[in-house]
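>>> sequence plus predicted model, see below.
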Amino acid sequence: MPALSGKIAIVTGGSRGIGRAVAQDLAREGASVMIASRDPKICEQTVGEIRNGRGQASFVALDLREPDAPAKLAAATIKEFGGIDIVVNNAGATQRGDFLSLSDEQFTDGFALKYFATVRLTRAAWPELKKRHGSIVNIIGAGGRTPGAHFTIGGSVNAACLSFTKAIAELGIVDGVQINAVNPGPVRTDRQMARIEVAAKQQGISTDAVIARMVKEQNITRFGEPEDIAYLVSFIVSKKGSLLHGSLIDIEGGSTKTI
């Protein structure tokens, strides 16, 4: 029997990249998956792929920046599948760039989509997670541990999400809800590859050469794949990962050099 048979999962940002891989792997492990994203066409495509693989999935197209969207997502999942056992907070991209050129609006947007959406969905799903002894995994990022001048928004948002994970894990012990976070490093997503393609054109080299240079400069084992993150998430929320709680797990090929 699949490890997550009978479980019901929400994956935000689940239509592409890491979220898509997570949704697909949870479904392969037997979970019914509700995907949330702003683009209904891409959501429908991802859901179709899961169903073609004999998995169960549905989607809700909404913007998690909107304060009431997380509660709508939780309600839609309960209506569709009958409960919530797993929440994977994955949505959220932040603007990179020179700090002096970044606006207040860009900082606010970064916190709205990643931090506040995580907080609000955790709150909305909590009663079901408590009742069913469920799990939350926050997909955050290595930049929350190692800030950089061109990642001031993302580093700040990620650090806040890491702190929130640790804080809410204390309540999770009381209420029987497992809480953990995963910090990916460079991963071969469409967004990451778009930046690499720009760098390749600027440097007059191939994308593979840019990636090889990044691996060498960052002194890491290799570039990540979305599936690397997905496999870890599926392990965490399975019985095999049940001792993990309040853990901030780096999965970045060794890029985080600090203790």
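On my side now, so go ahead.

>>> can you give me the helices in this structure?
17-28, 40-52, 69-81, 104-110, 117-132, 152-175, 190-203, 207-218, 226-236 (DSSP state H).

>>> would you mind finding the most buried of the ones you listed?
Comparing those by mean neighbour count (mean count of other C-beta atoms under 10 Å), helix 17-28 comes out on top with a mean of 26. Quick note: C-beta positions are derived from backbone N, CA and C, even for glycine.

>>> what's next to that one, contact-wise?
Outside helix 17-28, the residues that touch it by C-beta atoms under 8 Å, 6 or more residues apart in numbering are 2, 4, 7, 9, 11-14, 33, 35, 37, 46, 49-50, 53, 55-57, 86, 88, 90-91, 139, 184, 187, 189-191, 225-227, 229-231, 233-234, 237.

>>> now render the helices of the chain as JSON lines, adding distance to residue 246.
Output for the helices of the chain, formatted as JSON lines (distance: least, C-beta to C-beta, whole Å):
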{"stretch": "helix 17-28", "distance to residue 246": "20"}
{"stretch": "helix 40-52", "distance to residue 246": "30"}
{"stretch": "helix 69-81", "distance to residue 246": "22"}
{"stretch": "helix 104-110", "distance to residue 246": "24"}
{"stretch": "helix 117-132", "distance to residue 246": "14"}
{"stretch": "helix 152-175", "distance to residue 246": "3"}
{"stretch": "helix 190-203", "distance to residue 246": "28"}
{"stretch": "helix 207-218", "distance to residue 246": "27"}
{"stretch": "helix 226-236", "distance to residue 246": "12"}
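
>>> how about these in JSON lines, adding mean pLDDT and distance to residue 254?
Below are the helices of the chain laid out as JSON lines (pLDDT from 0 to 100; distance: least, C-beta to C-beta, whole Å):
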{"stretch": "helix 17-28", "mean pLDDT": "98", "distance to residue 254": "19"}
{"stretch": "helix 40-52", "mean pLDDT": "97", "distance to residue 254": "31"}
{"stretch": "helix 69-81", "mean pLDDT": "98", "distance to residue 254": "34"}
{"stretch": "helix 104-110", "mean pLDDT": "94", "distance to residue 254": "26"}
{"stretch": "helix 117-132", "mean pLDDT": "98", "distance to residue 254": "26"}
{"stretch": "helix 152-175", "mean pLDDT": "97", "distance to residue 254": "18"}
{"stretch": "helix 190-203", "mean pLDDT": "93", "distance to residue 254": "18"}
{"stretch": "helix 207-218", "mean pLDDT": "95", "distance to residue 254": "9"}
{"stretch": "helix 226-236", "mean pLDDT": "98", "distance to residue 254": "13"}
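
>>> out of these, nearest to residue 259?
Taking C-beta to C-beta, helix 152-175 is the member of those nearest to residue 259, at 15.1 Å.

>>> tilt between that closest one and helix 117-132?
20 degrees (axes from the mean of the first three to the mean of the last three C-alpha atoms, to 10 degrees).

>>> CA atoms only: put helix 152-175 into PDB for me.
Presented in PDB, the C-alpha positions along helix 152-175 are these (Å, rounded to 0.1, in the frame of the first residue of the first chain):
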ATOM      1  CA  THR A 152      17.300  41.300   0.600                       C
ATOM      2  CA  ILE A 153      13.600  40.700   0.100                       C
ATOM      3  CA  GLY A 154      13.800  36.900  -0.200                       C
ATOM      4  CA  GLY A 155      16.300  36.600   2.600                       C
ATOM      5  CA  SER A 156      14.200  38.600   4.900                       C
ATOM      6  CA  VAL A 157      11.000  36.700   4.000                       C
ATOM      7  CA  ASN A 158      12.700  33.300   4.300                       C
ATOM      8  CA  ALA A 159      14.100  34.200   7.700                       C
ATOM      9  CA  ALA A 160      10.700  35.200   8.900                       C
ATOM     10  CA  CYS A 161       9.200  31.900   7.600                       C
ATOM     11  CA  LEU A 162      12.000  29.900   9.300                       C
ATOM     12  CA  SER A 163      11.200  31.700  12.600                       C
ATOM     13  CA  PHE A 164       7.400  31.100  12.100                       C
ATOM     14  CA  THR A 165       8.100  27.400  11.500                       C
ATOM     15  CA  LYS A 166      10.000  27.100  14.800                       C
ATOM     16  CA  ALA A 167       7.400  29.100  16.700                       C
ATOM     17  CA  ILE A 168       4.300  27.200  15.400                       C
ATOM     18  CA  ALA A 169       6.100  23.900  16.000                       C
ATOM     19  CA  GLU A 170       5.800  24.500  19.700                       C
ATOM     20  CA  LEU A 171       2.000  24.600  19.300                       C
ATOM     21  CA  GLY A 172       2.200  21.600  17.100                       C
ATOM     22  CA  ILE A 173       3.600  19.500  19.900                       C
ATOM     23  CA  VAL A 174       0.500  20.400  22.000                       C
ATOM     24  CA  ASP A 175      -2.000  19.900  19.300                       C
END
